[in-house]
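Trainee: model the following, please.
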Amino acid sequence: MSLASLLPAETHPQEGYDGFIGWVLSLMETLGEVGVGIAVLVETFVPPIPSEAVLPAAGFLAYEGRMNAWWAIVAATLGAVIGAWVWWYLGRLLGRDRTRALVEAIPLMEGEDFDKAEAFFAKWGRVAVLLGRCVPLVRSFISIPAGIERMPFWSFTLYTAIGSGVWNAIWVGLGYAFGPAIRPVLEQWSGILSNAVLVVIALLLVWFVVVRLLRRRRDRRAATEPRG
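Mentor: Reported below is the predicted structural model:
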């Protein structure tokens, strides 16, 4: 019989979460700080897993004395950095020319879109990596342009670690500070927050498609009109 089975049901952080998220939280409870690092590493490749739900659960376990809050933050940051390295190397392997060709092959995308993104990253790359670690979905993929633009590895690692460390410390700290009181808040708002971000991204995508289609229609009409 495990220690977890002897505890009251309300002390299990995975209760109330089904499917993959529940499995991740159970893994974290079983393996302690190592499980926290693995959970964040998994989140890097499966963005729908909200760290806003996973990390406070680690703080809650620390509150109950079942793990060390500081080591949980370190493990979470290490997991985030390792995941970011994988995406960085993927971007580096693709390189500029292959990525530009892939962009041009995507419907409604043009090489000019890649050129603008490249110019933006050249100017704001370090800031983008730093702040991108605090944005759901973005934090999983911001490492790819860093690799494409060959952002220095140790500089990339430093900014990734700082951004991830601050983000992890905030959420683990909230779980530790509020203890059991934070659970109903997490169940109510963590999903809402993640869904809100996905809705905003979807709306931006729709806006992009509409604007691009209208522009192409206008360009075709201008090309067929006789010149005076």
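Trainee: which phi and psi does Glu149 have?
Mentor: Note on Glu149: its backbone torsions stand at phi -80, psi 10 [degrees, to the nearest 10].
Trainee: can I assume it is in contact with Phe121?
Mentor: Yes. Glu149 sits in contact with Phe121 when judged by CB atoms under 8 Å, with a separation of 5.4 Å. Using the backbone N, CA and C atoms, a C-beta is placed for each residue, glycine as well.
Trainee: from Trp167, how far off is Leu131?
Mentor: Distance, Leu131 to Trp167, by CB to CB, to the nearest Å: 10 Å.
Trainee: so for the two, which sits in the more crowded spot?
Mentor: Trp167 (23 against 16; other CB atoms under 10 Å).
Trainee: just give me the neighbour total for the spatially closest residue to that one that is not a sequence neighbour.
Mentor: Distance criterion CB to CB, 6 or more residues apart in numbering; nearest residue to Trp167, sequence neighbours excluded, is Cys134 at 4.8 Å. Counted with other CB under 10 Å, residues neighbouring Cys134 total 14.
Trainee: mind checking pLDDT for Cys134?
Mentor: Listed pLDDT for Cys134 reads 77.
Trainee: for it, helix, strand, or coil?
Mentor: Secondary structure, DSSP: H, G, I helix; E, B strand; the rest coil: Cys134 is coil.
Trainee: and stretch 146-161, what's buried?
Mentor: Going by neighbour count (16 or more other CB atoms under 10 Å), the buried part of stretch 146-161 is 146-149, 151, 156-157, 159-161.
Trainee: can you give me the first-to-last residue distance of it?
Mentor: Across stretch 146-161, the terminal residues are separated by 14 Å (CA to CA, to the nearest Å).
Trainee: ok, residues contacting it?
Mentor: 77, 80-81, 84-85, 87-96, 99, 118, 121-122, 125-126, 129-130, 133, 143 (CB atoms under 8 Å, 6 or more residues apart in numbering).
Trainee: rerun at 7 Å
Mentor: The contact list for stretch 146-161 (CB atoms under 7 Å, 6 or more residues apart in numbering) reads 77, 80-81, 84, 87-92, 94-96, 99, 118, 121-122, 125-126, 129-130, 133.
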